[in-house]
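Colleague: Predicted coordinates and the sequence they were generated for:
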Amino acid sequence: MTQTRKRLALAGATGYIGHNLLNELKKKYDVIALSRNGDDKDDEDHVEWRSCDLFSLNDTIDGLQGADIAIYLVHSMMPSAKLTQGSFEDMDLILADNYARAAKENGIQQIIYLSGIIPEETEDLSRHLKSRLEVERVLGAYGTPVTTIRAALIVGPKGSSFPILSKLVKRLPVMLLPEWTRNQTHPVALPDVIHALGASVGREDLKDRAIDIGGPESMTYKEMILKTAEVMGKNQPTFDIPLMTVKLSRLWVTLVSGEPKETVYPLVESMVHEMVADPDKMVDGISDGKVTFEESVRMALKEEQKEKDQKKQSGHSSKKEKDEVLDVRSVQRVRLPEGRDANWAADNYVSWLSSFAKPFLTSVANETVVKIQVPFLDAPLLELTKEPFQDAEQATYRITGGMFAQVQEGSKGRIEFRQIPGSQECLIAIHEYVPALPWIIYKSTQANIHLLVMYLFKLHLLRLMQTTEHAPDESDMIVPETNA
C-alpha cells in the first residue's frame with residue numbers, strides 16, 4: 001500500500017535557505033512553494049508554486065490551503081514597497097501574525113520556524129534577536145504547535161551574515177577588530193541547517209519546542225575571520241582595538257561590504273551577544289551539525305564562484321523588468337488603553353481624525369463607508385470601506401476612492417488595525433497604498449504629515465491612559481489616521 005505524502009507549505013521558498021530546503025523536501029513530500037511572484041514559476045514533480053503576499057491575510061490563508069505542515073523562513077529586513085515607513089520588527093510581526101492566523105484557519109499540524117540563537121540574558125537583546133523571539137511567540141499564539149530551529153551564523157553562499165564576513169576578508173588588507181569580535185558564536189553550515197529543518201517535520205516530540213543547532217565547534221568572530229582568510233589563501237594582519245562602538249562598526253561594515261544598511265545594522269548589533277548553542281536545548285540528530293567551519297567556507301566560496309561563472313556564461317537575464325509600482329507601506333506601533341482592542345481603534349478612527357483636524361477636515365460615515373473631506377470640496381480626499389471583521393483583534397478599512405488615492409479595479413490599498421496577541425499593543429498599517437499626488441510631492445508632504453499625525457496619535461493615547469483610571473468613554477475614542 002502506497003503511503004500518502006504529506007503536503008508542506010514553504011514560506012520563503014525563493015530565498016537561499018528556502019531554495020535549498022525545497023530541493024530536499026520534494027524528495028519526501030509534496031511542497032506548496034509560496035512566493036510573492038509564484039505565478040512566474042513553473043510547477044514540477046511534487047512542487048506547486050503559489051503566488052502569496054504574506055502581508056495579506058486572505059492571500060496567506062489561500063496559500064496554506066491543503067497543507068499539513070507549514071515552514072516559515074521569512075524575514076523582512078529589506079523594504080517591501082517603493083516607500084516603506086516603519087521598522088523591520090513591526091513588519092515581521094504582521095507577516096508572522098498572518099501566517100499564524102492562516103495556519104489556524106487551515107488546521108495546520110505544525111509550524112517550523114528558523115530563528116536565531118537567543119542568549120540567556122533576554123533583557124537587553126538586540127533589535128534583531130528581540131524581533132526573532134517576538135515572531136516565535138506570535139507564530140504560536142493561535143494554537144498551532146511551533147518547532148523553532150535556532151541558529152547563529154549560517155555559512156552559505158548567499159543570505160546575510162556570511163557574505164558580509166567574506167567580503168570584509170576579501171576587501172580589507174588589514175582588519176581592525178573591535179571588542180565584540182572576541183565574543184563567542186556557533187557557526188553552522190547550510191547543509192546542517194537544511195537537515196535540521198527537514199528532520200523536524202512531523203516530529204511530535206519537537207512541537208512547542210525551541211531547538212538550538214550549531215556546527216562541530218564554537219569560536220569567536222575573530223577566529224572566524226582568520227579561518228576564512230586562511231581558506232581564501234590570504235595572510236591578513238589583524239589588530240584588536242577597544243574604541244570602536246557598535247554604531248561605528250555597523251557603519252564601517254556597511255561601507256566595506258557594500259551590503260545595504262537595512263541588513264547590516266541589525267546583524268552587527270546582534271554580535272554583541274554570545275550566541276552559542278545551549279546543550280539543554282539541543283536534540284540528537286538535529287542540533288549537532290557535522291560540517292566543520294573551514295569545510296563550510298570552502299563549500300560556500302566554491303558555490304559562489306560557480307554562480308558567478310554561470311552568470312558570465314549566460315549573460316544578462318532576458319526577463320523583462322516589471323513596471324515599478326509607486327506604492328506605500330507604513331506601519332506604526334501604538335499602545336491601546338486597557339480593555340480596548342483593534343476593532344475599537346478602527347471604529348473610532350474617523351471621529352478622532354475629524355476632531356483633531358477641525359476645521360480643516362470633516363468626515364461623513366454610514367454603516368461601512370467613510371468619506372474624509374475638506375469643507376470647501378465636494379469630492380472626498382479619501383473614501384474608506386470597512387470590511388466585516390472576524391475577531392476584535394484585527395480590523396481593516398479598504399481604500400476605495402478619493403482624490404488622494406489611485407484606485408483601480410483590483411486595487412488592494414488598505415488600512416489595518418492589528419492587536420499583537422497577548423498585549424495591548426496595536427500595529428496600524430497602510431498596505432499597497434498608491435497615492436494620486438506626484439511621487440516627489442507626495443514624499444515631501446503627505447507622507448511626512450502621516451508620520452506626524454501618527455506621532456500625535458500616540459501622544460493622545462498616552463495622555464488618555466495617564467489621565468483616566470477607568471476605560472475611556474465613547475467620546476474619548478481615538479484611532480489612527482490613513483494617509484490623509
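Modeller: Nice, I can see it.
Colleague: all contacts plus neighbour counts: C-alpha atoms, from now on.
Modeller: OK.
Colleague: in stretch 379-387, what's buried?
Modeller: By neighbour count with 16 or more other C-alpha atoms under 10 Å, stretch 379-387 contains the buried residues 380-386.
Colleague: Let me fix that, I meant to ask about stretch 100-116.
Modeller: Buried residues in stretch 100-116 (16+ other C-alpha under 10 Å): 100-104, 106-116.
Colleague: What of stretch 10-25?
Modeller: For stretch 10-25, by 16+ other C-alpha under 10 Å, it's 10-18, 21-22, 25.
Colleague: and that stretch, how far out from the chain's middle?
Modeller: 16 Å (C-alpha atoms, centre = their mean, to the nearest Å).
Colleague: contacts for that stretch?
Modeller: 31-35, 70-74, 158-159, 190, 194, 197-198 (C-alpha atoms under 8 Å, 6 or more residues apart in numbering).
Colleague: Nearest to residue 447 among those?
Modeller: Closest approach to residue 447 among the contacts of stretch 10-25 (C-alpha to C-alpha): residue 74, at 27.2 Å.
Colleague: quick revisit: dump the buried residues of stretch 379-387 to TSV, plus secondary structure.
Modeller: As requested, the buried residues of stretch 379-387 are arranged in TSV below (DSSP: H, G, I helix; E, B strand; the rest coil):
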residue	secondary structure
380	coil
381	coil
382	strand
383	strand
384	strand
385	strand
386	strand
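Colleague: Now flag whichever of those is closest to residue 124.
Modeller: Using C-alpha to C-alpha, residue 386 is the member of the buried residues of stretch 379-387 that lies nearest residue 124, at 39.5 Å.
Colleague: Chain neighbours aside, what residue packs nearest to that closest one?
Modeller: residue 397 (4.3 Å; C-alpha to C-alpha, 6 or more residues apart in numbering).
Colleague: Which helix or strand contains that neighbour?
Modeller: Assigned by DSSP states H and E, residue 397 belongs to strand 394-401.
Colleague: Same question for residue 59.
Modeller: helix 57-64.
Colleague: Contacts for that helix, please.
Modeller: 9, 32, 34, 50-54, 70, 98-99, 101-103, 105-106.
Colleague: Sort out which of those residues are in helices and list them.
Modeller: 98-99, 101-103, 105 (DSSP state H).
Colleague: before we move on, back to that, the residue nearest to residue 386 and residue 454, how far apart?
Modeller: Relative to residue 454, residue 397 is positioned 17 Å away (criterion: C-alpha to C-alpha, to the nearest Å).
Colleague: just residue 231 next, same as before
Modeller: 51 Å.
Colleague: When those two are compared, which one has more neighbours?
Modeller: For residue 231 versus residue 454, neighbours defined as other C-alpha atoms under 10 Å are more numerous around residue 454 (22 against 13).
Colleague: thought that one was touching residue 332?
Modeller: Yes - if you go by C-alpha atoms under 8 Å, residue 454 and residue 332 touch, sitting 7.5 Å apart.
Colleague: What is the end-to-end distance of stretch 71-87?
Modeller: For stretch 71-87, the first-to-last residue distance is 24 Å (C-alpha to C-alpha).
Colleague: now, which of the contacts of stretch 10-25 sits nearest residue 243?
Modeller: Closest to residue 243 out of those is residue 159 (29.3 Å), distances taken as C-alpha to C-alpha.
Colleague: Not counting sequence-adjacent ones, nearest residue to that closest one?
Modeller: Residue nearest to residue 159 in three dimensions, not counting chain neighbours: residue 16, with 6.0 Å by C-alpha to C-alpha, 6+ apart.
Colleague: Mind checking the pLDDT average for the strand or helix carrying residue 24?
Modeller: Per DSSP H and E, residue 24 falls inside helix 16-25. Averaged across helix 16-25, the pLDDT comes to 94.
Colleague: The stretch 251-400 of the chain: strands as residue ranges?
Modeller: Ranges of strands within the stretch 251-400 of the chain are 328-335, 362-365, 369-373, 382-386, 394-401, based on DSSP state E, counting those that start in this stretch.
Colleague: My error: substitute the stretch 51-200 of the chain in the last question.
Modeller: 69-72, 83-85, 110-116, 146-151, 154-155, 175-177, 184-185, 188-189.
Colleague: who touches the longest one?
Modeller: Residues outside strand 110-116 that contact it (C-alpha under 8 Å, 6+ apart) are 68-73, 103, 129, 132-133, 136, 139, 144-152, 197, 200-202, 207.
Colleague: ok, back up a step: can you list the ones in helices among the contacts of helix 57-64 in CSV and add distance to residue 125 and pLDDT?
Modeller: Below are these laid out as CSV (distance: C-alpha to C-alpha, whole Å; pLDDT from 0 to 100):
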residue, distance to residue 125, pLDDT
98, 25, 97
99, 24, 98
101, 27, 96
102, 29, 97
103, 28, 98
105, 32, 96
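Colleague: So which of those is the closest to residue 236?
Modeller: Nearest to residue 236 among these, with distances taken as C-alpha to C-alpha, is residue 99, at 45.0 Å.
Colleague: Let me know whether the closest one touches residue 55 as I believe.
Modeller: No - counting by C-alpha under 8 Å, residue 99 stays clear of residue 55, with 9.1 Å between them.
Colleague: of these two, who's got more company?
Modeller: residue 99 (28 against 21).
Colleague: what sits against that one?
Modeller: Shown in contact with residue 99 (C-alpha under 8 Å, 6+ apart): 54, 57, 60-61, 139.
Colleague: Please name the nearest non-neighbouring residue to residue 391.
Modeller: residue 343 (7.9 Å).
Colleague: Please report how far that neighbour lies from residue 386.
Modeller: Residue 343 sits at a distance of 11 Å from residue 386 (criterion: C-alpha to C-alpha).
Colleague: what touches both of the two?
Modeller: residue 395.
Colleague: what's the burial count for residue 4?
Modeller: By other C-alpha under 10 Å, neighbour count at residue 4 equals 8.
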